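Enquirer: Return a 3D structure for these sequence lines:
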Amino acid sequence: MVVAASVVVAVGTVTGMIRALDDGSGADSARPDATGATLLVPLPEVPSASNSPSAKASSSARPKRTTTTGTTRKPQRTAAVSPRLYRHPESQVLDWIRDHPDDPRTEVIADRIADQPAAVWFADFTPSTITSRVRAVTSGAAAQGRVPVVVPYAIPDRDCGGASEGGAGDFAAYDDWIDNFAAGLGSHAVVVILEPDSIAQADCLDDTQRAERFEALARAGRVLKAADPQARVYYDAGHSDWNPAGQQAALLKQAGAASPESSDGIFSNVSNFHTTSAEIAYDRQVLDALGGPAGLGAVIDTSRNGNGAPADGQWCDPAGRKIGRAPTLNTGEARIDGYLWVKLPGESDGCKGAAGTFTASYAYDLAR
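Expert: You can find the predicted model right below:
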C-alpha cells in the first residue's frame, strides 16, 4: 500500500470470518481465529434500543459498571446510532468486549465504536462459500428492516502486492466470484462499497491490466445491481489528497462509474483520515467531472477522520486520530448519500497491531 492510498488491510488467506481472541499476550489485542479461517472481515453494526434478539444479545455481552458500586448503568452516548444502518453481530470488537467485560476501556469502546453500524468486508477468494456468507449478512439486516454495508474485496492484483495483496487469480475467476457474491444480496436495500483502492491505485498496472480491471469492475456493478435492484453500488474515488478530481473522474468513467446500469456513485476516504468537509468538496468535484445521471452521489468513510489526516501524510495507525461522524444515510448535504464506517476503528493498519486485527489500545485512543 502506497503512502497516498487508503489503508486497507486484509488478514490471512483462508475462508472464514475474523474473530477476536485473546492470544495470551494480554487483553489489548485480538487475533484471527487459530483455525486460519480469517477472511470475511466484518466491520460491526448493531441496532440501538431495539427489541430484536440481536440487540438484546449484544447488550448482555457488554455489561457496564460504575467505578464505585459495580452496578450496571447505561452510559451517555456521544452520537446516536443510525436507525437505518445494520450492525452485523459478529466482529472482532464485539468479541473483545464480550471477553473483557471488566477492562476499564470496555465501556468507551462499546458505546463509541461497537454500537455503531459498520461495513462487512469479504476479502477472501472463496467462491464456494461467498453466497451463503453474503446472504447471512443481508438476510440478518432484512429481518431487522436495516441496510447493510458490504465490501467485495477480491479484485486480481489487489493492493498491487502491498500489505493487502490477494484476491482472485484472474478475471474469469473474479467474474464468477462476483456472480456468487451477487447471488447472496437478496432483494432488499444494501450499500456495496466495490473494491476499495481498485481505481485510485490503478497506476501500478500497465494499460492492458488496467483495461481488464476496469472492464471487470463495470461488469461487477451491472451484475450486483441486476441481482438486487435495491442495491446501491459505489466506486472507488480514493480520497481528497490522492488523485486530482478530474483525473480520478476519468478513471472512474472507464470503470463504469458514470453508468446507471452499474453505479450509484462513488466512495472516498476508505481507511483514511481526511476531514469530512474536504471529502465533500472533493467528491462533488469528482461527480461534476464524471458526468452521468444527476442522481449519482457519494459516500464518505468517517470512521477515523475526527481530527483529520496527519500533516506528515502518515497512513499506518497514526497517533492523534479520532473517530468521526456517526454513520448515517441522511447527511443533509447535496449529492452526499451517506457517512459510513467502512474501516472499523481499532482494526490496525499494521503498525499498532498485526494488520487487520483489533487492538483495544488503538480503539480506545480513537474513541476517548
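Enquirer: Endpoint to endpoint, stretch 300-311 covers what distance?
Expert: Taking CA to CA, to the nearest Å, the first and last residues of stretch 300-311 lie 20 Å apart.
Enquirer: Need the contact partners of that stretch.
Expert: 118, 241, 267-276, 278-280, 283, 318-327, 336, 338-345, 366 (CB atoms under 8 Å, 6 or more residues apart in numbering). Any C-beta I mention is one placed from the backbone N, CA and C, and that applies to glycine too.
Enquirer: Show me just the buried residues among those.
Expert: 118, 267-276, 278-280, 283, 318, 321-327, 336, 338-345, 366 (16 or more other CB atoms under 10 Å).
Enquirer: which ones among those are found in strands?
Expert: Residues of the buried ones among the contacts of stretch 300-311 located in strands (DSSP state E): 267-268, 336, 338-340.
Enquirer: and of those, the nearest to residue 209?
Expert: The nearest member of these to residue 209, counting by CB to CB, is residue 267 at 22.5 Å.
Enquirer: Find the nearest non-adjacent residue to the closest one, please.
Expert: Excluding the flanking residues, the one nearest residue 267 by CB to CB, 6 or more residues apart in numbering is residue 234, at 4.3 Å.
Enquirer: Double-check that the one you found belongs to a helix.
Expert: No. Counting by DSSP: H, G, I helix; E, B strand; the rest coil, residue 234 is not found in a helix; it is strand.
Enquirer: Which stretches in the chain count as helices?
Expert: 53-61, 92-99, 106-109, 127-144, 171-183, 207-227, 245-254, 276-290, 360-367 (DSSP state H).
Enquirer: So for residue 193, which of those sits nearest?
Expert: helix 207-227 (11.2 Å).
Enquirer: Against which helices or strands is that closest one packed?
Expert: Under the contact criterion of 3 or more CB pairs under 8 Å, 6 or more residues apart in numbering; DSSP states H and E, helix 207-227 touches helix 171-183, strand 190-194, strand 231-236, helix 245-254.
Enquirer: Within its sheet, name the partner strands of the third one and how each one runs.
Expert: Taking DSSP bridges as the criterion, strand 231-236 forms sheet pairs with strand 190-194 (parallel), strand 265-268 (parallel).
Enquirer: Let me have those in JSON lines, adding mean pLDDT and distance to residue 215 as columns.
Expert: Shown next, in JSON lines, are these (pLDDT from 0 to 100; distance: least, CB to CB, whole Å):
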{"stretch": "strand 190-194", "mean pLDDT": "98", "distance to residue 215": "14"}
{"stretch": "strand 265-268", "mean pLDDT": "98", "distance to residue 215": "18"}
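Enquirer: Pipe those into CSV and attach distance to residue 106 per row.
Expert: Shown next, in CSV, are the strands paired with strand 231-236 (distance: least, CB to CB, whole Å):
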stretch, distance to residue 106
strand 190-194, 29
strand 265-268, 31
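Enquirer: on that earlier part again, now the residue nearest to residue 267: how far from residue 240?
Expert: 16 Å (CB to CB, to the nearest Å).
Enquirer: circling back: the residue nearest to residue 267 contacts residue 190, correct?
Expert: No. Residue 234 lies out of contact with residue 190 (CB atoms under 8 Å); the separation is 11.4 Å.
Enquirer: For the residue nearest to residue 174 when sequence neighbours are not counted, list the residues it contacts.
Expert: Distances taken as CB to CB, 6+ apart place residue 168 nearest to residue 174, at 3.8 Å, with adjacent residues excluded. By CB under 8 Å, 6+ apart, the residues touching residue 168 are 125, 154-156, 174, 177.
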